[in-house]
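A.B. asks: mind folding the following:
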Amino acid sequence: QIKKEGTLAILGKVGVESQVNTTTENHQYTNTKSSITPLTDSTFLVVWESKDSSNSMDVMGSVFNHDWTLSKEEFRINETTNGEQGKPVAHGLKDGGYMIVWEDKSGSSYQVYAKIYNADHTIRKSEFNLSSSMANNISHYDPNITQLENGSIVVAWHNNQNYNDVIASIVSPSGDIQVA
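C.D. replies: Okay, here's the model as predicted:
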């Protein structure tokens, strides 16, 4: 059973460690940021950072059934592959899909990127930059995500302008950035 509030409990596996990544070369990071979110069909998504042989950082994920069997094998979430992609946060959506947000440093500063998947793990909205309306020389860090009762998704992060402003953006379940 997977509960949205409280501790993740997996039937028959409480207290048992299971490896979630199939890629084991180089570095697979959870110490800087990893995220677990329950999905509506009693599966759960785990996301983490992965360094490849060229020292590029990627955001990876796997979806598991409640008994730790794979529902979707390990997959790369980010489409931009140069630079650093890291600190992912995942959130299961009310319609069964899920959204992942992360930091991207493929240019001169960190930006906040997102990608949305359908319940069947197909891409609903390809990678997009949530912080693109901000100046490119400003770095954006530590995104977090939640979904409101009306279905809108709120993503918040901070930047290094004006002593670390906190910024938020509202996104529709289809991935359209909503303007106030």
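A.B. asks: list the contacts for the residue sitting nearest the centre point of the chain?
C.D. replies: By C-alpha atoms, centre = their mean, the chain has its centre lying nearest to I100, at 2.7 Å. I100 sits next to S35, V47, V59, G61, I77, P88, V89, A90, H91, A114, K115, Y117 when contact means C-beta atoms under 8 Å, 6 or more residues apart in numbering. Placement of C-beta: from N, CA and C, glycine included.
A.B. asks: secondary structure class for it?
C.D. replies: Classification of I100 using DSSP: H, G, I helix; E, B strand; the rest coil returns strand.
A.B. asks: where's the dip in pLDDT among the contacts of I100?
C.D. replies: On pLDDT alone, S35 ranks lowest of those, at 86.
A.B. asks: what about that one, neighbour count?
C.D. replies: 21 (other C-beta atoms under 10 Å).
A.B. asks: before we move on, the earlier item: gap between the residue nearest to the centre of the chain and E74?
C.D. replies: 14 Å (C-beta to C-beta, to the nearest Å).
A.B. asks: please apply the same query to F64.
C.D. replies: 11 Å.
A.B. asks: swap in M57?
C.D. replies: Distance from M57 to E74, by C-beta to C-beta: 15 Å.
A.B. asks: of these two, which one has the most company?
C.D. replies: Set M57 next to E74 and count neighbours by other C-beta under 10 Å: M57 wins out with 23 against 16.
A.B. asks: what's the closest residue to L39 other than its chain neighbours sitting at in phi/psi?
C.D. replies: Closest residue in space to L39, ignoring its immediate chain neighbours: G92 at 4.5 Å, by C-beta to C-beta, 6 or more residues apart in numbering. Here is the backbone geometry of G92 (degrees, to the nearest 10): phi -70, psi 130.
A.B. asks: please name the residues that touch G92.
C.D. replies: Contacts of G92 by C-beta under 8 Å, 6+ apart are K4, T37, P38, L39, T40, L45, Y98.
A.B. asks: also H121?
C.D. replies: Neighbour list for H121: V63, S71, K72 [criterion: C-beta under 8 Å, 6+ apart].
A.B. asks: that concludes my questions; thank you for your assistance.
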